[in-house]
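Have a look; sequence and predicted model below, questions after that.
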Amino acid sequence: MTAFVESRPMSAARPIEKGETLLSVDGVSLSFGGVRALTNVSFDIKKGEVRAIIGPNGAGKTSMLNVINGFYHPQQGTIAYKGQVRRRQKPYEAASQGIGRTFQNVALFKGMSTLDNIMAGRTLKMGVGLFWQLFRYGPALNEEIEHRKKVEEIIDFLEIQHIRKTPVGKLPYGLKKRVELGRALAMEPELLLLDEPMAGMNLEEKEDMSRFILDVREQFGTTIALIEHDIGVVMDLSDRIVVLEYGRKIADGSAEEVQNNQAVIDAYLGVAH
Amino acid sequence: MFYREAGQFKTSYQADSAVFPILQDRIGLAVILAIAFGVIPFFATEFFVQGIMIPFLIYALAAIGLNILLGYAGQLSLGSAAFMGVGAYTAYKLVTYFPETNVILLILVSGFVPALIGVLFGLPSLRIKGLYLAVATLAAQFFLDWCFIRIAWLYNYNPSGAIEMPARQAFGLTLTGPAADYMLRYYAVLGIVVLMTWFASNLVHGRIGRTWMMVRDMDIAAQLMGVKLTNAKLTAFAVSSFYCGVAGAMLVTLYLNAAEPGAVFTIRQSFLVLFMVILGGLGSLIGSFFGAAFILLLPILLRTAAASFHLPIEVKNIENLQFMIVGALIILFLKFEPHGLARLWQVGKQKLRVWPFPY
């Protein structure tokens, strides 16, 4: 089961021990024209923890993940991953450094089967060239089978064997979310960003998904940053929580600290002026 | 009843991920190949081979080329005929310069020039998508077609502006030119098409094909999986144009023998290939064959039907009738079955699998 944990070092940076800072966001500001999505946000994510980013709608949570991913480039501030400050970065570079991601509104490859979707997650680790691909023989075939084994381990882990060959467009919502998690896991990421993994799920599905998230951390040692609106889930799952409101950080700390923070209570419940 | 996979258990991932995992499919393919190589040459008439089979195979290859780009990588192109033309003119120049070389080799090599030009005209795809990209490839269509008329070097300064294939040989047999034997040409075309279809099938089932489909279905997520969009889109353009180019080269060398300026590789031809892909099925190789067969056979069927029933229809009206039928079918397919004839084939196979039960 733990066979696909042995993630190859993907960049030259030294390995980060558990509890050390994996990613630090320092004074990041992002605006689109006159709209300020993020204003001077700083926080860090430590290796091996489940870090939640919460906040009311439009607080800038997804923008924050997009900045970490390299889809957006902040006007101010720096992001250091594994101790290295990065320059303007392309999304595929973030991927090759070991940052995986799921999306708020499922972004699966809908014309492909579950198996192919998860195989797609292994693109970065495959590399046999055009010549052998033309013949689907020798190195190309071996590579395909070797990665199929890893993909099957993920399929086992997420208990989705029965939908292996089903086109993902036909799957119910809860399973789509699970396949998307599988696709991100196939990258063997060091940091996994989950954008509302439980949105639109019923209680049972939420319980399943929570279990998978905790299992992922336990079995593969993956660091997880998640955005979620279900406060109960967030409080139970996460080690530390960042709270954003209108693009500013208003609180940062453990579940109890955040729960008792007056600014957070005001943000969620509103204040009488 | 005959088409059941019950009892065919897969014990390795290799067997499970095979291109044809079901035994009956493999038998069916073998039968089709046996008929194509062994039966047709002995029983078919010259008209059937020369007038139906050769153009069908050539256009099927062109449709595979466009299908790789449109059906697998999701990039709409209206320049397929132009890339076929580049292949044809490359082949013509090559047989001029290397008269002693095996002409089949030259036809295959002709694909590399359109591949390069395809990459060049694929560059706009890095910035624009969908219909806007189609308009950009339209520029390729008109510019290249213009080149075929205006650049005299391309047609060896022939006063008529046409290219006429000289007689050239492969393995000591004359394949090109008006005097070539139609059966030899059929074997040459069939061999090239089968080989290249096999390559295409391997490509789309492997890593590269998956990359294309990732870009087609969700380019943002594809980037996140580490796909460089630039590479994925441009390889799709290169491979697609290579296929179109070889098809164009075969069209001129092994079928038409000659090409009038501005008459063969026109926008009309581009749309013809596009219709084959849409009717046959986007993202399906077998669909490309269905589409090519349908579009090419329809006029012949209509003509035969009109003649055998003694219908009082003029020849030019038959052509109009064909336009009407194809047009109506394209609208119907786009509306009700975007995956085309290939999906109908799939549904038919599924029905056969579970027969006599509905599911």
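Received it, and whenever you're ready, just let me know what you need.

Can you give me the buried ones in stretch A:36-55?
Using 16 or more other Cβ atoms under 10 Å in any protein chain shown as the test for burial, stretch A:36-55 gives A:36-39, A:41, A:43-55. Glycine gets a C-beta too; all of them are placed from N, C-alpha and C.

what do you get for stretch A:73-91?
Neighbour-count burial for stretch A:73-91 [16+ other Cβ under 10 Å]: A:74, A:77, A:79, A:81, A:82, A:89, A:91.

Which SSE is immediately downstream of the helix or strand encompassing residue B:213?
Residue B:213 is part of helix B:207-217 when elements are defined by DSSP states H and E. The helix or strand immediately downstream of helix B:207-217 is helix B:219-224, counting by DSSP H and E.

how about that next one, does it get close to chain A?
Yes. For a cut-off given as Cβ under 8 Å from any Cβ of the partner chain, helix B:219-224 has contacts with chain A, namely B:220, B:221, B:222, B:223, B:224.

Can you pull the residues of chain A lying near chain B?
Within chain A, the positions lying close to chain B (Cβ under 8 Å from any Cβ) are A:69, A:71, A:90-92, A:94-96, A:100-101, A:103, A:107-112, A:116, A:119-121, A:123-124, A:126, A:128, A:130, A:133-136, A:140-141, A:143-145, A:148-149, A:152, A:183, A:187.

Alpha carbons of the helix or strand hosting residue B:55, as PDB, please.
Under the criterion of DSSP H and E, residue B:55 resides in helix B:54-67. The C-alpha trace of helix B:54-67 is given here as PDB (Å, rounded to 0.1, in the frame of the first residue of the first chain):
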ATOM      1  CA  ILE B  54      -7.900   4.300 -53.000                       C
ATOM      2  CA  PRO B  55      -9.600   7.700 -52.400                       C
ATOM      3  CA  PHE B  56     -11.400   6.200 -49.400                       C
ATOM      4  CA  LEU B  57      -8.100   5.200 -47.700                       C
ATOM      5  CA  ILE B  58      -6.400   8.500 -48.600                       C
ATOM      6  CA  TYR B  59      -9.200  10.600 -47.200                       C
ATOM      7  CA  ALA B  60      -9.500   8.400 -44.200                       C
ATOM      8  CA  LEU B  61      -5.800   9.200 -43.400                       C
ATOM      9  CA  ALA B  62      -6.500  12.900 -43.900                       C
ATOM     10  CA  ALA B  63      -9.500  12.600 -41.500                       C
ATOM     11  CA  ILE B  64      -7.300  10.800 -39.000                       C
ATOM     12  CA  GLY B  65      -4.900  13.700 -39.200                       C
ATOM     13  CA  LEU B  66      -7.600  16.300 -38.500                       C
ATOM     14  CA  ASN B  67      -9.100  14.100 -35.900                       C
END
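
what mean pLDDT would you report for whichever helix or strand comes after that helix?
Using DSSP H and E, the helix or strand that follows helix B:54-67 towards the C-terminus is helix B:80-97. Average pLDDT, helix B:80-97: 95.

Now the element after helix B:80-97, going C-ward?
Downstream of helix B:80-97, the next assigned helix or strand under DSSP H and E is helix B:103-109.

Which neighbouring elements make contact with that following helix?
Here helix B:103-109 touches helix B:80-97, strand B:169-170, helix B:182-205, helix B:229-250, going by 3 or more Cβ pairs under 8 Å, 6 or more residues apart in numbering or on different chains; DSSP states H and E.

mean pLDDT lowest for which of those?
The stretch with the lowest mean pLDDT among those is strand B:169-170, at a mean of 85.

Quickly run through the sheet partners of it, with directions.
In its sheet, strand B:169-170 lies beside strand B:173-174 (antiparallel), with partners assigned from DSSP bridges.

what sits up against the strand it pairs with?
B:167, B:168, B:180, B:181, B:184 (Cβ atoms under 8 Å, 6 or more residues apart in numbering or on different chains).

again, 6 Å this time
Residues outside strand B:173-174 that contact it (Cβ atoms under 6 Å, 6 or more residues apart in numbering or on different chains): B:167, B:180, B:184.

Would you mark the buried spots in the worst-scoring helix or strand of chain A on mean pLDDT?
Least confident helix or strand of chain A, by mean pLDDT, DSSP states H and E, is helix A:262-269 with a mean of 84. Across helix A:262-269, burial judged by 16+ other Cβ under 10 Å covers A:264, A:267.

For that helix, what is the distance to the chain centroid?
26 Å (Cα atoms, centre = their mean, to the nearest Å).

quick one on the thing from earlier: kindly reformat the contacts of strand B:173-174 as a markdown table containing distance to chain A and neighbour count.
Formatted as a markdown table, the contacts of strand B:173-174 follow (distance: Cβ to the nearest Cβ, whole Å; neighbours: other Cβ atoms under 10 Å in any protein chain shown):
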| residue | distance to chain A | neighbour count |
| --- | --- | --- |
| B:167 | 32 | 15 |
| B:180 | 29 | 21 |
| B:184 | 26 | 16 |
